[in-house]
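S.K.: Sharing a sequence plus its predicted fold:
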Amino acid sequence: SRYLNKKEEAVFSIVKPSESSKTLDQLAQNIFFLVERFSSLDKVNEMNSFKLLVRLFEEQCLVADDEKSGEKLVTAKPNKEVASDSLQNPSDPDAGYSGHKGKGYQVQVTETYNPDSSEDKLSLITYVHVESADQNDANALLPALDNTKQREMAPDEVLADSLYGGDENCRKAKQDYGADVIAPVMGGGNKKGLSLDDFTVSKQGKILSCPQGHAPVTVKHKKKNYSAAFAITGYHRENCHRRHT
């Protein structure tokens, strides 16, 4: 009677924001009752709908002991505690959630390209992989390279978005598949100070000059890292004094 009457159907579509938390907790309590009531019945446990109900409860509900009444206190998890690979829709249990893309799926695609725009060459899609929307793009590069290598279509160079170009991906792509990964560096979001982009840097990673064109006083090299020190004088002191590794 709580859900099947026409008026009560609104619980799944029309809920006031002020009542949403209370409604979710009520739903969680009802799910808990059903799971507890039928968990010992084999025929019910074999039903896909019941398996989804159990999954929903485990992923999105909490159970605690009420100190006052001694009974089980069942509530819905806060949104931030619900995993992105949790059940989004019982009609599509494999779908995931992305805060950027929403619910559903995403696809990883690689395509050939010709660096010489003057030549008219055919571009071909060499790899396609459909996955849940909760998957991280950083984990998609190496499987794509492995797949294309097995089919003798591995690239020498990969142009990718910043998430694909982490240090470990770049290292393994070159080491295991002979591919150079070219991707934008992830930004730190701090615009107050100077960054490496403001300096003139050689191909070997050595700082040649500061934003004002001054050469460093000293340059030190340790393994793969360079550090440069600039003189603290006048305008240069206020704007360009930096030590970068």
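M.R.: Perfect, thanks for sending it.
S.K.: Which stretches in this structure count as helices?
M.R.: With DSSP state H as the criterion, the chain has helices at 20-38, 42-45, 48-60, 141-150, 167-177, 234-239.
S.K.: which residues does D66 contact?
M.R.: K72, L73 (Cβ atoms under 8 Å, 6 or more residues apart in numbering). C-betas here are computed from N, CA, C, even on glycine.
S.K.: ok, back up a step: looking at the helices of the chain, which is nearest to G70?
M.R.: helix 20-38 (16.0 Å; Cβ to Cβ).
S.K.: Let's see that closest one as PDB, backbone CA atoms only.
M.R.: Presented in PDB, the C-alpha positions along helix 20-38 are these (Å, rounded to 0.1, in the frame of the first residue of the first chain):
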ATOM      1  CA  SER A  20      14.300  13.700   0.600                       C
ATOM      2  CA  SER A  21      16.500  12.600   3.500                       C
ATOM      3  CA  LYS A  22      13.500  11.200   5.500                       C
ATOM      4  CA  THR A  23      12.200   9.500   2.400                       C
ATOM      5  CA  LEU A  24      15.500   7.800   1.600                       C
ATOM      6  CA  ASP A  25      15.800   6.600   5.200                       C
ATOM      7  CA  GLN A  26      12.300   5.100   5.000                       C
ATOM      8  CA  LEU A  27      13.300   3.300   1.700                       C
ATOM      9  CA  ALA A  28      16.400   2.000   3.400                       C
ATOM     10  CA  GLN A  29      14.400   0.600   6.300                       C
ATOM     11  CA  ASN A  30      12.000  -1.100   3.900                       C
ATOM     12  CA  ILE A  31      14.800  -2.700   1.900                       C
ATOM     13  CA  PHE A  32      16.400  -3.900   5.100                       C
ATOM     14  CA  PHE A  33      13.100  -5.500   6.100                       C
ATOM     15  CA  LEU A  34      12.800  -7.300   2.800                       C
ATOM     16  CA  VAL A  35      16.400  -8.500   2.800                       C
ATOM     17  CA  GLU A  36      16.100  -9.900   6.300                       C
ATOM     18  CA  ARG A  37      12.700 -11.400   5.700                       C
ATOM     19  CA  PHE A  38      13.600 -13.400   2.500                       C
END
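S.K.: That helix to helix 48-60, inter-axis angle?
M.R.: 130 degrees (axes from the mean of the first three to the mean of the last three Cα atoms, to 10 degrees).
S.K.: Show me what helix 20-38 is in contact with.
M.R.: With Cβ under 8 Å, 6+ apart, helix 20-38 has contacts from 2, 11, 15, 44-45, 50, 53-54, 56-57, 60-63, 72, 74-76.
S.K.: What subset of those is buried?
M.R.: Among the contacts of helix 20-38, those scoring as buried are F50, L53, L56, F57, Q60, C61, V74, T75, A76 (criterion: 16 or more other Cβ atoms under 10 Å).
S.K.: Pull the contacting residues for the closest residue to S49 other than its chain neighbours.
M.R.: Of all residues not flanking S49 in the chain, P90 sits nearest, at 7.3 Å (Cβ to Cβ, 6 or more residues apart in numbering). Counting by Cβ under 8 Å, 6+ apart, P90 touches S49, L52, L56.
S.K.: re earlier: among the helices of the chain, which is nearest H221?
M.R.: That would be, of those and by Cβ to Cβ, helix 167-177, which comes in at 19.4 Å.
S.K.: So which residues make contact with the closest one?
M.R.: A138, L141, L142, L145, D146, K149, A154, V158, A179, D180, V181, A183.
S.K.: Run through the residues that contact the fifth one.
M.R.: Spelled out, it's D146. D176, Y177.
S.K.: cool, the first one as well?
M.R.: Taking Cβ under 8 Å, 6+ apart as the contact definition, A138 lies against L163, Y164, G166, N169.
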